[in-house]
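Return atomic coordinates for the entry below.
(one chain, ligands or ions: 1)
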Amino acid sequence: MADKSIVLEEIMSQPQVWSSTWQRLEGNRDRLTELLASQCWDGILFTGCGSTYYLSLAAANLHQQMTGQRARGAPASEVGLFPAGVYADVDTQVLLVAISRSGETTETLWAVDKQHERKQAVLGITCRGESPLARRADLALVISEADEASVAQTRAFTSLYIATQYMSGLVAGDEPFVDSLSRLPSRLETVLQRHGEFMGQVAAGDWERVIYLGSGPYYGLACEAMLKLKEMSLSWSEAYHFLEFRHGPISLVDDRTLVIGLVSDTAEDAERAVLADVRKLGGRTLAIAETPGAGADETYAVDLGSGLNERARAALHLPLLQLFAFHRARARGLDPDRPRHLQQAVVLAR
Ligand code: F1P
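Okay, here's the model as predicted:
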């Protein structure tokens, strides 16, 4: 198999792409602020499909934590097909944040149409300025530098996530947080230099199952890591809220189980205790945390050392986990540039 890979190039381009994303966001600051302040929103509904649905889960959790504004992440199909289960009632003022790399995913466009039937605004976040989403949204935030040739989303996911962080920072009026996002590209360069190769070594292990755990916004990111592993390496994987893992799924653990924890600052002790339970049962753990953790006895440990708080540094996990999926695919003799049965976007014939 050739060493060159489009998805690998896209993964490794993230430091530069995040810098361009930051410039784009700053360039859109006024338009974005105007939309966000255009009325008193009762809530924000983040939506997307696949990767961008998981992004929505992470974004909604962060947004509500940071702003106190009610926020929810829902799959676009639910918004389009079961709106009554998503919108509380017809009169609530909800801003729909529709996220899609391609801007052409059918269900995401259904959600946009449903929102417009309610005569309420759509903020579209996409990589493609000519897409139906960009054209139909009341405001389109287009991060074209993050667009991809690959099927599996990598830099698009992280850049679009940073866009939602930026938006939440603006609503919260938290300028230090917004400013800290500009430091992510340099932090990522260091993280990739220090840990990129190591992720490849761990990925080559004889794993039968890989499980991702995260709390708060990190749960959505854990889900995305799980999806990457499935898409690129055709490996069975699952994701759970950290402490949920004890409530049944822990029965799966054996010596060919790798549990990857995205360790927060808020709940670090409680989360590391779950990983310790996994090891007691014979499983292996990989903890990705800001610091190695005093007394932590992880099988594998990655410290991000970013100097950023858990809200700001979130995207730093993904490139490492994308590399893990990439190398797992290679170790299984698969081509991560050509995921089975998948296309870049699901466009349904009506
Ligand atoms: C969403 C998505 C991708 C997935 C797949 C099909 O695309 O579900 O996450 O990898 O290949 O489309 P988009 O709406 O973000 O363009």
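
of all the residues in the stretch 51-200 of the chain, which ones are close to the ligand?
51-52, 100-102, 105, 108, 151-153 (Cβ under 6 Å from any ligand atom). Quick note: C-beta positions are derived from backbone N, CA and C, even for glycine.

try the stretch 201-350 of the chain
231, 342-346.

ChimeraX command for the buried members of those residues?
To isolate in ChimeraX the members of these that are buried, counting by 16 or more other Cβ atoms under 10 Å, one can use:
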select :231,344,345
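
pLDDT value on the nearest residue to residue 75 once chain neighbours are set aside, please?
Take residue 75 and drop its neighbours on the chain: the residue closest to it by Cβ to Cβ, 6 or more residues apart in numbering is residue 53, 4.7 Å away. pLDDT for residue 53: 98.

I figured residue 53 hits residue 72, correct?
No. Counting by Cβ atoms under 8 Å, residue 53 sits too far from residue 72 to count as a contact (12.0 Å).

Between those two, tell me which one has more neighbours.
In this view residue 53 and residue 72 are compared by other Cβ atoms under 10 Å, and residue 53 has more residues nearby, 25 against 19.

Now do the helices in this structure.
Under the criterion DSSP state H, the chain contains helices at 6-12, 14-27, 29-36, 51-67, 76-81, 106-117, 132-136, 155-172, 175-181, 184-203, 217-233, 268-280, 310-313, 317-331.

Contacts for the longest one next, please.
The set of residues external to helix 184-203 that reach it, using Cβ atoms under 8 Å, 6 or more residues apart in numbering, is 12, 14-16, 18-19, 22, 162, 258, 286, 300, 302, 304-308, 312-313, 315-316, 319-321, 323-328, 331.

Tell me how far it lies from the chain's centre.
Helix 184-203 sits 17 Å away from the centroid of its parent chain (Cα atoms, centre = their mean, to the nearest Å).

just the fifth one next, same as before
Between the mean C-alpha location of helix 76-81 and the chain-wide mean there is a distance of 20 Å, by Cα atoms, centre = their mean.

Quick check: phi and psi at the residue of the chain positioned farthest from its centre.
Taking Cα atoms, centre = their mean, the residue of the chain most remote from its mean C-alpha position is residue 91, at 30.6 Å. With angles defined as degrees, to the nearest 10, residue 91 sits at phi -90, psi -10.

about what we covered before: farthest-apart pair in the residues of the stretch 51-200 of the chain next to the ligand, please.
Spatially, the most separated pair among these is 108 and 152, at 17.8 Å (Cβ to Cβ).

Return the subset of the residues of the stretch 51-200 of the chain next to the ligand lying in strands.
Per DSSP state E, strands hold the following members of those: residue 100.

Need the worst-confidence member of the residues of the stretch 51-200 of the chain next to the ligand.
Lowest pLDDT among these: residue 151, with 91.

Could you give the residue of this protein that lies closest to the ligand?
The nearest approach of the chain to the ligand comes at residue 50, 2.2 Å away (Cβ to the nearest ligand atom).

dump the residue contacts of that residue.
Residue 50 sits next to 153, 227, 346 when contact means Cβ under 8 Å, 6+ apart.

Turn the residues you listed into TSV, including distance to residue 245.
Below are those laid out as TSV (distance: Cβ to Cβ, whole Å):
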residue	distance to residue 245
153	25
227	18
346	30
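
Closest one to residue 96 out of the residues you listed, please.
Distances from residue 96 to the contacts of residue 50, taken by Cβ to Cβ, are shortest for residue 346, at 19.2 Å.

doesn't residue 52 make contact with the closest one?
No. If you go by Cβ under 8 Å, residue 346 and residue 52 don't touch, sitting 11.4 Å apart.

shared neighbours of these two, which are they?
What both residue 346 and residue 52 touch, as defined by Cβ under 8 Å, 6+ apart, is the set residue 105.

quick revisit: between residue 108 and residue 152, which is the more surrounded one?
Neighbours were counted for residue 108 and for residue 152 using other Cβ under 10 Å; residue 108 has more, 32 against 28.

how close does that one get to residue 88?
Per Cβ to Cβ, to the nearest Å, residue 108 is found 21 Å from residue 88.

Residue 224 too?
Applying Cβ to Cβ to residue 224 and residue 88 gives a distance of 27 Å.

Could you do residue 274 as well?
From residue 274 over to residue 88 the distance is 33 Å, taken as Cβ to Cβ.

Which of these two has more residues huddled nearby?
Using other Cβ under 10 Å, the more surrounded residue of residue 274 and residue 88 is residue 274, with 22 against 12.
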